[in-house]
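Asker: Provided below are the primary sequence and the corresponding predicted coordinates.
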Amino acid sequence: QVTLVESGGGSVQAGDSLTLSCATSGRTLNTRVMGWFRRAPGKDREFTAAIHENGVDIRYAEFVKGRFTISRDNTKNTVQLQMNDLQPEDTALYYCATSERWSYEYWGQGTQVTVSS
């Protein structure tokens, strides 16, 4: 079992930056892959970014467009999402998710990001 706790959300202006963090506890095998998803109001949850523990296999959604950077600290078993040039359409509840493979079996409660124009 894995417990995930996100932090770092908030309300910002368009063009600002935020860094989300996710702390995990539990079996490290289940955090081999760590990722971020988001759910905007009235929309389905969508993949945002993910990173393997090897630090090499990294995936981003198209809408990231070079604005977001995912990273992880394997010694602390945490994952971060650096988000730059935030836009109102980035407003969403951001979730951390982990798994042994790219299947995202464990989820946090989410942290809210609100971007105003």
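Answerer: In hand now; what should we look at?
Asker: burial of the closest residue to N30 other than its chain neighbours, as a residue count?
Answerer: The shortest distance from N30 to any non-neighbouring residue, by Cβ to Cβ, 6 or more residues apart in numbering, is to V2 (4.6 Å). Yep, even glycine has a C-beta here, placed from its N, CA and C like the rest. Using other Cβ atoms under 10 Å, V2 is surrounded by 20 other residues.
Asker: for V2, what are its contacts?
Answerer: By Cβ atoms under 8 Å, 6 or more residues apart in numbering, V2 lies in contact with T24, S25, G26, R27, N30, T31, T98, Y106.
Asker: list phi and psi for the first one.
Answerer: Dihedral pair for T24: phi -120, psi 160, per degrees, to the nearest 10.
Asker: quick one: it from N84, how far?
Answerer: 24 Å (Cβ to Cβ, to the nearest Å).
Asker: for the residue nearest the centre of the chain, which residues count as its bridge partners?
Answerer: The centre of the chain sits closest to W36, judged by Cα atoms, centre = their mean, with a distance of 2.7 Å. Here W36 sits in beta bridges with A49, C96, going by DSSP bridges.
Asker: from Q112, how far off is T24?
Answerer: Taking Cβ to Cβ, one finds T24 at 20 Å from Q112.
Asker: just the buried ones from the contacts of V2?
Answerer: T24, N30, T31, T98, Y106 (16 or more other Cβ atoms under 10 Å).
Asker: ok, now which ones touch T3?
Answerer: T3 neighbours (Cβ under 8 Å, 6+ apart): T24, S25, G26, Y106.
Asker: check which helix or strand covers it.
Answerer: Assigned by DSSP states H and E, T3 belongs to strand 2-7.
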